[in-house]
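Colleague: can't give you the sequence, but here's the structure:
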Ligand SMILES: C[C@@](CO)(OP(=O)(O)O)[C@H](O)COP(=O)(O)OP(=O)(O)OC[C@H]1O[C@@H](n2ccc(N)nc2=O)[C@H](O)[C@@H]1O
Ligand SMILES: Nc1ncnc2c1ncn2[C@@H]1O[C@H](COP(=O)(O)OP(=O)(O)O)[C@@H](O)[C@H]1O
């Protein structure tokens, strides 16, 4: 018996980062938006825990117990006294180490797939607890849509989105490590007072109204200077996308994927064509948001 779960990538339309906490994490006001790029995770009953992965960047995904999908299966099994005898297959379409929460998506997908396979009877809150143990972004991958993440990003408040937004994503040649980008944020912040992170009322209002121009005017990412400092060529991609007519461009989370918000489908196609021809990125995708969270698509 097999269960397949589809899980979305995310973009952070606001990522306000506070000072480093004693535990090494940073308090955030993290406005997540799920976007229509997905990984599919299939869980199949097996003799032991095994993993396979296919798709772009699959060679950079660990296939041992450090894989976030494997960790999710182990964590669920431990909680409910079940041996994780399962084969997990990840069909990957979310850029690896790209700041789009691909690993978190796979963790949420594996959790929901194993939960369905094993019939644990876990409540959604119990699943969300396990998600938060696995990583700061994992709870959002489970719920999808749009949400404000506070704490280290794991405490979620669902947000209303009043319309569909058009995005172009440019995957970079290479990846960025999330801890390295937060470390660079700390280095750049030395000697500066860091304000408490707060969600922008204007941005939440733009989301609620589905107003792309207003959202474009309020997009912010406090990790962007750190990502650009570690990966300066991203500036060329951002310049190419905005010159091509995007309403705004920003680094997605810790990067190095760049995200371009566009007025409509036609503009998104034009921006994608210019980015593809620019030679400033590895691949380009056009998609929409919001997208739904982890969903069983086959069983
Ligand atoms: C930056 C963001 C924005 O959504 O995602 P990505 O863009 O990388 O996908 C997140 O904050 C990443 O969340 P996630 O990738 O789940 O991070 P975790 O596994 O919990 O933590 C990895 C490391 O990132 C740093 N970290 C993470 C979250 C946070 N609020 N403060 C931190 O300082 C810590 O160094 C931590 O050890
Ligand atoms: N299922 C997974 N998919 C992708 N990466 C994973 C997975 N499990 C563990 N990793 C590790 O996590 C790192 C971060 O990957 P990813 O989650 O795709 O990026 P980001 O944190 O930038 O959103 C990768 O370099 C990889 O070593």
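Modeller: Right, received. Where do you want to start? This structure is a prediction, so every number in the text was calculated from the model and none was measured. Numbering: from 1, shown residues only. Ligands and ions are numbered 1, 2, ... in the order given.
Colleague: residues in contact with the closest residue to ligand 1 within the chain?
Modeller: Across the chain, no residue is closer to ligand 1 than residue 253, which sits at 2.0 Å (Cβ to the nearest ligand atom). (Each C-beta comes from the backbone N, C-alpha and C, glycine too.) Residue 253 sits next to 10, 11, 12, 15, 99, 100, 101, 178, 221, 223 when contact means Cβ atoms under 8 Å, 6 or more residues apart in numbering.
Colleague: how about those in CSV, adding secondary structure, distance to residue 69 and pLDDT?
Modeller: What follows is those, written out as CSV (DSSP: H, G, I helix; E, B strand; the rest coil; distance: Cβ to Cβ, whole Å; pLDDT from 0 to 100):
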residue, secondary structure, distance to residue 69, pLDDT
10, strand, 17, 98
11, strand, 21, 98
12, strand, 22, 98
15, strand, 25, 98
99, coil, 19, 95
100, coil, 16, 97
101, coil, 13, 98
178, helix, 17, 97
221, strand, 27, 98
223, coil, 25, 98
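Colleague: Once you drop chain neighbours, what's closest to the residue of the chain most remote from its centre?
Modeller: Residue farthest from the centre of the chain, counting by Cα atoms, centre = their mean, is residue 47 at 31.5 Å. Using Cβ to Cβ, 6 or more residues apart in numbering and skipping the chain neighbours, the partner closest in space to residue 47 is residue 85 (6.1 Å).
Colleague: right, and the one you found touches residue 43 too?
Modeller: No - with contact defined as Cβ atoms under 8 Å, residue 85 does not count as touching residue 43 (10.5 Å).
Colleague: more crowded one of the two?
Modeller: The residue with more neighbours, out of residue 85 and residue 43, is residue 43; 29 against 15, by other Cβ atoms under 10 Å.
Colleague: name the helices or strands packed onto the helix or strand harbouring that one?
Modeller: If you go by DSSP states H and E, residue 43 is part of strand 26-45. Secondary-structure packing of strand 26-45 (3 or more Cβ pairs under 8 Å, 6 or more residues apart in numbering; DSSP states H and E): strand 2-20, strand 86-91, helix 102-118, helix 138-143, strand 146-150, strand 165-171, helix 201-209, strand 283-289.
Colleague: Relative to ligand 2, which of the ones you listed is closest?
Modeller: Here helix 102-118 is closest among the helices and strands packed on strand 26-45 (Cβ to the nearest ligand atom), at 2.7 Å.
Colleague: contacting residues around the residue nearest to residue 58 when sequence neighbours are not counted?
Modeller: Nearest non-adjacent residue to residue 58, counting by Cβ to Cβ, 6+ apart: residue 92, 5.6 Å away. Contacts for residue 92 (Cβ under 8 Å, 6+ apart) come out as 39, 53, 54, 55, 56, 57, 58, 61, 102, 106.
Colleague: so how far is residue 36 from residue 92?
Modeller: 15 Å (Cβ to Cβ, to the nearest Å).
Colleague: What's the first helix or strand after the strand holding residue 43?
Modeller: Downstream of strand 26-45, the next assigned helix or strand under DSSP H and E is strand 50-54.
Colleague: Give me the phi and psi angles of the residue nearest to residue 58.
Modeller: phi -100, psi 130 (degrees, to the nearest 10).
Colleague: Looking at it now. What's its pLDDT?
Modeller: Residue 92 carries a pLDDT value of 98.
Colleague: Flag the shaky bits of the stretch 51-200 of the chain, pLDDT-wise.
Modeller: In the prediction, the stretch 51-200 of the chain carries no residues with pLDDT under 70.
Colleague: So which residues on it come close to ligand 2?
Modeller: 60-62, 67-69, 90, 96-104, 106, 175, 178 (Cβ under 6 Å from any ligand atom).
Colleague: Now list the buried members of those residues.
Modeller: The neighbour count (16 or more other Cβ atoms under 10 Å) marks 61, 67-69, 90, 96-104, 106, 175, 178 as buried among those.
Colleague: Which residues of this structure lie near ligand 1?
Modeller: Residues of the chain lying close to ligand 1 by Cβ under 6 Å from any ligand atom are 12, 15, 24-26, 28, 30, 99, 101, 104, 135-137, 152-153, 178-179, 182, 253-254.
Colleague: So among those, which ones count as buried?
Modeller: Buried residues within these, counting neighbours by 16+ other Cβ under 10 Å: 12, 15, 26, 28, 30, 99, 101, 104, 135-137, 152-153, 178, 182, 253-254.
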